[in-house]
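>>> can't give you the sequence, but here's the structure:
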């Protein structure tokens, strides 16, 4: 670890950067690779394909991926839109249709679980194989990123090392590298919380939904965890986000799956605490601050049961017998005499359900963040003299503190958040007390520009400049 750092520039590299350098890494290219290599992938993983006969008796072979993400009653290769929006598409599973196709017997439910596991293995093998097939030629790019730059690389390639003079320790791959298949991360950001355990205990169709929730959890890219790892890597270099002067964002789509990264960076660079319940109305937090842990669990359950609505499909399939979960939840909620849940409109109930899920995730992530912090301090105590050494007593105290993290603790945080909101603790502007770094952002099309402007507005960061090409954005790095 260096005690002093000269790093004052952060460069975020997205997929458009590699495409600009002539590397074929579009999702359309991945679609072609997947279709071409699927038979070999299934053979390699020892997964049998599904054989589907049409009305004429013709047989077509598909994989668990098509069964899970397509229509299991009429599976075929997924359309271009699925691949063009690949990360977001991984969250679009029609849980009710999958449940209806397989049924609710024990063997059928086990098959749903296997369907999710096989799909994950197939897509991971396909994606890592596709990325690994890209060979980056070392050549002069005409630009150089000096050692005062720290690269947060959203790509899996070593393009910035081979063409822009970046040393390896300054090239941090936030989603893994092509040279290490196990490190590769790709996915959505809609389901970072653990699958809801109550679904598993209810059995039947509920258990089938649990296995879908499990797939959604495992295909989430877990932005908060990745950000924590990146922040630790940056700290290991001796750099501090509060000391960054300029940020360059090159060829990044600013898609919804990566929104959390930009939000975290904006707050860290302004040295302002983040609101852990950003977007959650005060009235929801007030409700959660007084409701019981059982009520909060029921809200989480209700949210899970509305998954089909959230992906833009009708709420129920009429011919799905036995899935009367909403009525069951209604009866349970009504049994709580002190619950004012039914004073809310249906739209308000959905907002409250989502807030309860956010609270559950906050508890889960709080435990993980504490673990990250403890491990970081323990590591620094071993390699840096200025850091105290972690003792056995420290470990026991830490484990004891983790056990105390629960619903009561979460409610205390919720009350603090409400107070901090009243005080304006989470507000910041560029005209505030500290100078914030300028973000230099390239865009490719008018749609890209609009998406970027929307994200910057959401994170309330206005000290940025837009450039219609990567070349114009990085003119200061031209040799």
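Looks like it arrived, so ask away. What you see is a predicted model; the values in this text were computed from it and never measured.
>>> what's the pLDDT at the nearest residue in space to residue 169 that is not next to it in sequence?
With sequence-adjacent residues excluded and distances taken as CB to CB, 6 or more residues apart in numbering, residue 169 is closest to residue 237, at 6.8 Å. All C-beta atoms are positioned from the backbone trio N, CA, C, and that covers glycine. In this model, residue 237 is scored at 81, pLDDT.
>>> before we move on, what about the one 4 residues further on?
Turning to residue 241, the model gives it a pLDDT of 87.
>>> separation between the closest residue in space to it that isn't next to it in sequence and residue 453?
In this structure, residue 241 finds its nearest non-sequential neighbour in residue 268, 4.4 Å apart by CB to CB, 6+ apart. Residue 268 is 21 Å from residue 453, where distance means CB to CB, to the nearest Å.
>>> below-threshold pLDDT in the stretch 251-400 of the chain: ranges please.
Within the stretch 251-400 of the chain, the ranges that satisfy pLDDT under 70 run 314-342, 398, 400.
>>> let me see the ranges of the helices in it.
Taking DSSP state H, counting those that start in this stretch as the test, the helices found in the stretch 251-400 of the chain are 259-270, 282-290, 293-305, 307-310, 325-334, 346-383, 392-403.
>>> for residue 474, which of those is the nearest?
Closest to residue 474 of the helices of the stretch 251-400 of the chain is helix 259-270 (CB to CB; 18.8 Å).
>>> which strands and helices lie in contact with that closest one?
Judged by 3 or more CB pairs under 8 Å, 6 or more residues apart in numbering; DSSP states H and E, the packing partners of helix 259-270 are helix 223-236, helix 446-458.
>>> run a quick neighbour tally on residue 145.
Residue 145: 24 surrounding residues under other CB atoms under 10 Å.
>>> in three-state terms, label it for me.
Of the three states, residue 145 takes coil according to DSSP: H, G, I helix; E, B strand; the rest coil.
>>> next up, the contacts around the residue of the chain positioned farthest from its centre.
Most distant from the centre of the chain: residue 56, at 43.0 Å, with distances by CA atoms, centre = their mean. For residue 56, no contacting residues are found, by CB atoms under 8 Å, 6 or more residues apart in numbering.
>>> how would you label it: helix, strand or coil?
Under three-state DSSP, residue 56 comes out as coil.
>>> pLDDT at it, what is it?
Listed pLDDT for residue 56 reads 78.
>>> you'd agree residue 255 is up against residue 89?
No. Counting by CB atoms under 8 Å, residue 255 does not reach residue 89; the two are 11.6 Å apart.
>>> to residue 38, which of the helices of the stretch 251-400 of the chain lies closest?
When these are compared by CB to CB, helix 307-310 sits nearest residue 38, at 27.2 Å.
>>> would you mark the buried spots in that closest one?
307, 308 (16 or more other CB atoms under 10 Å).
>>> with stretch 84-91 instead?
Those would be 85, 86, 87, 88, 89, 90, 91, for stretch 84-91 by 16+ other CB under 10 Å.
>>> what does stretch 212-232 give?
Going by neighbour count (16+ other CB under 10 Å), the buried part of stretch 212-232 is 212-228, 230-231.
>>> just to revisit the earlier point, these two touch, right, the residue nearest to residue 169 and residue 150?
Yes. Between residue 237 and residue 150 a contact is recorded at 6.6 Å, counting by CB under 8 Å.
>>> which residues are common contacts for these two?
7, 170.
>>> which residues touch the residue nearest to residue 241?
Contacts of residue 268 (CB under 8 Å, 6+ apart): 231, 241, 242.
>>> check residue 90 too.
69, 123, 187, 188, 219.
>>> same deal with residue 220?
Contacts of residue 220 (CB under 8 Å, 6+ apart): 91, 187, 188, 189, 190, 191, 192.
>>> re earlier: now, the contacts of residue 90 that are in helices?
Judged by DSSP state H, the contacts of residue 90 include 69, 123 as members of helices.
>>> roughly how far apart are residue 267 and residue 9?
As judged by CB to CB, residue 267 and residue 9 stand 19 Å apart.
>>> next, the distance between the ends of stretch 394-414.
With CA to CA, to the nearest Å as the measure, stretch 394-414 spans 28 Å from end to end.
>>> any chance you could list what contacts it?
By CB under 8 Å, 6+ apart, stretch 394-414 touches 276-277, 285, 288-290, 293, 296, 359, 362-363, 366-367, 370-371, 374.
>>> do that again at 6 Å, thanks
By CB atoms under 6 Å, 6 or more residues apart in numbering, the residues outside stretch 394-414 that reach it are 285, 288, 289, 293, 359, 363, 366, 367, 374.
>>> residue ranges of the strands in the stretch 101-250 of the chain, please?
149-153, 171-173, 246-250 (DSSP state E, counting those that start in this stretch).
>>> and the ones you listed: which comes nearest residue 381?
Using CB to CB, the strands of the stretch 101-250 of the chain put strand 171-173 closest to residue 381, at 22.8 Å.
>>> neighbouring strands for the closest one, and are they parallel or not?
Strand 171-173 pairs in its sheet with strand 149-153 (parallel), by DSSP bridges.
>>> and the angle for the strand it pairs with with helix 259-270?
Counting by axes from the mean of the first three to the mean of the last three CA atoms, to 10 degrees, strand 149-153 lies at 160 degrees to helix 259-270.
>>> residue 82 touches residue 91, doesn't it?
No. Residue 82 lies out of contact with residue 91 (CB atoms under 6 Å); the separation is 11.6 Å.
>>> who's in contact with residue 437?
By CB under 6 Å, 6+ apart, the neighbours of residue 437 are 244, 245, 246, 247, 269.
>>> count the residues that sit near the second one.
To tie it back to what came earlier, the one meant is residue 245. Neighbours around residue 245, by other CB under 10 Å: 13.
>>> same question, the last one
Counted with other CB under 10 Å, the neighbours of residue 269 add up to 22.
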